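**Q** Prediction below, plus the sequence it came from.
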Amino acid sequence: MPVTNLTEARIRSMPLGSGIHRDAQVKGLMVIYHKTTKSYAVQGDVRRNGRHVRTVRMKIDRCDRIGLREARNEAKKLMSQIQSGIDPSEGPDETGITLSQALEAHLEEKKHSPRTAEGYRYHLDHYLKRYKNRAVVDISRQEVRELFGKLKTKHGETTGASVMRTLRAVINTAMRIDETIEANPVAAIRVPATKSRKVAPLDLGDWWKRVQKLSPARRDLHIAMLLTGARRSSILQVKRDDVDLERRVLKFRHMKTGGELLFPMGEGLTDLLQARMKDDEPFNSEWLWPSTHSKCGHIVEPKEAGLPSPHEYRHHARTMFIQAGAPYAESALLLGQKLPGASGGYVHAEHLVEHLRKHAEALEEHVYSRYPMEGTTLEDGTFIDPLGMKVIGHS
């Protein structure tokens, strides 16, 4: 490692990739010639009580950003700290709960669905990685503003807003634990509200014709999604044991609000699932919607071209409950939603299965009443019958 009386001219003339050259005037100062850049750095030994602790090398800046005089002044300051036994690369000691610790506390305070908890951790590990081991009290408002700006530019406003909501919630939890945190730095930005989903009206006659063109299993899945309005994760993870054909009850175990939902089935949905389970017996699968192509053993992506997504089916079911005459509270409970207000916490949907049945049947009758009973002829001339089920509202 050559020692050179560095000058601006010599630094410019040295070729890239030529290694490290120490300065003869300031102890510890060096210029590192990388393959693509040249940078100033300082290196020295940290000693405490006459004992060598570690050798420290710190980058000062690139040579095209600062001059030699400025680099020498900065090197003198850093070497003064190093010779005093201080490692300037350590940074300040953490002053309280870290963001990672705050997340674990947040997830322990309130029960979250596995999918929600996974989403929180994904945000921390992918978008907040550089902050996860930082003390929350040391995260500044300016850093949050800059982070939000970068996320919007690189990943879009929707992702940026979602990450900011995660950060805000976790820091709110940290504030209840660490009294040194006086304010939430996310308050420095306006987090955009979640955009409402635009869902076009559903033409049931056309919808019936489209679902007939699917494979039997996917056809039945789309019908079940409309008749229940269940969330994607709820309906796809139903097991055969969750279908009680005798009581005509379908159990949803994976609910966003926690707990289970006992959905009262009408005759049409009961007949559909009974036929589906009989046809799927050769698969010997525990799942109601088995798939030999997925690792988990059940259908994982029910979206089909020209048909609603699982979440859009919830919108349609909510609207059609109203069209079928179901009151607000009953239709909300059938969708697995919590009722608002203090009294809503006293309502237990699992105690109201038979009361809710007539409203589930009303939705079913509304949907089946649009079935094209005169017969549906596909492009290849194939005639489609009424699925072999009792179609309510028709002889």
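**A** Ah, there it is. Numbering: from 1, shown residues only.
**Q** So which residues of the chain form helices?
**A** With helices called from DSSP state H, the chain shows them at 8-13, 68-83, 99-109, 114-126, 141-155, 157-177, 204-212, 216-228, 232-236, 267-279, 310-323, 328-334, 353-368.
**Q** now the ones you listed in CSV, with mean neighbour count, mean pLDDT and distance to S89?
**A** Any C-beta I mention is one placed from the backbone N, CA and C, and that applies to glycine too. Listed next are the helices of the chain as CSV, based on neighbours: other CB atoms under 10 Å; pLDDT from 0 to 100; distance: least, CB to CB, whole Å:
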stretch, mean neighbour count, mean pLDDT, distance to S89
helix 8-13, 12, 92, 24
helix 68-83, 17, 92, 9
helix 99-109, 18, 93, 21
helix 114-126, 14, 90, 25
helix 141-155, 15, 93, 20
helix 157-177, 19, 94, 26
helix 204-212, 16, 93, 63
helix 216-228, 21, 96, 56
helix 232-236, 20, 91, 46
helix 267-279, 18, 95, 63
helix 310-323, 19, 94, 49
helix 328-334, 20, 94, 57
helix 353-368, 19, 95, 64
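**Q** between those, which gets nearest to K132?
**A** K132 lies closest to helix 99-109 among the helices of the chain, at 4.4 Å (CB to CB).
**Q** Show me what that closest one packs onto, helices and strands only.
**A** Secondary-structure packing of helix 99-109 (3 or more CB pairs under 8 Å, 6 or more residues apart in numbering; DSSP states H and E): helix 114-126, helix 157-177.
**Q** Remind me what the first one packs against, helices and strands.
**A** What that stands for is helix 114-126. Helix 114-126 packs on helix 99-109, helix 157-177, going by 3+ CB pairs under 8 Å, 6+ apart.
**Q** TSV please, covering the ones you listed and showing distance to R219.
**A** Output for the helices and strands packed on helix 114-126, formatted as TSV (distance: least, CB to CB, whole Å):
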stretch	distance to R219
helix 99-109	39
helix 157-177	32
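**Q** which ones are touching the nearest residue to T55 once chain neighbours are set aside?
**A** Once flanking residues are discounted, T55 sits nearest to D45: 5.3 Å by CB to CB, 6 or more residues apart in numbering. If a contact means CB atoms under 8 Å, 6 or more residues apart in numbering, then D45 has 52-56, 82 as its contacts.
**Q** So which of those are in strands?
**A** Counting by DSSP state E, the contacts of D45 place 52-56 in strands.
**Q** where's Q101 relative to G268, distance?
**A** According to CB to CB, to the nearest Å, Q101 and G268 sit 52 Å apart.
**Q** same question, D45
**A** 81 Å.
**Q** Serialize the helices and strands packed on helix 99-109 to TSV and add fields for distance to L107.
**A** Output for the helices and strands packed on helix 99-109, formatted as TSV (distance: least, CB to CB, whole Å):
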stretch	distance to L107
helix 114-126	5
helix 157-177	9
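**Q** Identify whichever of those lies nearest to H222.
**A** helix 114-126 (22.1 Å).
**Q** Now do the closest one and helix 141-155, the angle between them.
**A** In terms of direction (axes from the mean of the first three to the mean of the last three CA atoms, to 10 degrees), helix 114-126 departs from helix 141-155 by 100 degrees.
**Q** Can I get helix 114-126 as CSV, trimmed to CA atoms?
**A** C-alpha atoms of helix 114-126 as CSV (Å, rounded to 0.1, in the frame of the first residue of the first chain):
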residue,chain,number,x,y,z
PRO,A,114,-52.4,-15.3,9.3
ARG,A,115,-52.7,-13.4,6.0
THR,A,116,-52.7,-10.0,7.8
ALA,A,117,-49.7,-10.9,10.0
GLU,A,118,-47.9,-12.1,6.9
GLY,A,119,-48.6,-8.8,5.1
TYR,A,120,-47.1,-6.8,8.0
ARG,A,121,-43.9,-8.9,8.0
TYR,A,122,-43.6,-8.7,4.3
HIS,A,123,-43.7,-4.9,4.5
LEU,A,124,-41.1,-4.9,7.2
ASP,A,125,-38.7,-7.3,5.4
HIS,A,126,-39.1,-5.8,1.9
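**Q** who touches it?
**A** 99-100, 103, 106-107, 112, 132, 162-163, 166-167, 170, 233, 256.
**Q** So which of the helices and strands packed on helix 99-109 is nearest K77?
**A** Across those, closest to K77 is helix 157-177 (CB to CB), at 33.9 Å.
**Q** any idea how far the residue nearest to T55 lies from E365?
**A** In terms of CB to CB, D45 sits 84 Å off from E365.
**Q** What of L352?
**A** Distance from L352 to E365, by CB to CB: 20 Å.
**Q** Which residue, other than its chain neighbours, is closest to A71?
**A** Y40 (4.1 Å).
**Q** ok, that neighbour - contacts?
**A** Y40 sits in contact with 29-32, 59-63, 66, 71, 74-75, where contact means CB under 8 Å, 6+ apart.
**Q** Mind doing that once more with 7 Å?
**A** Residues in contact with Y40 (CB atoms under 7 Å, 6 or more residues apart in numbering) are 29, 31, 60-61, 63, 71.
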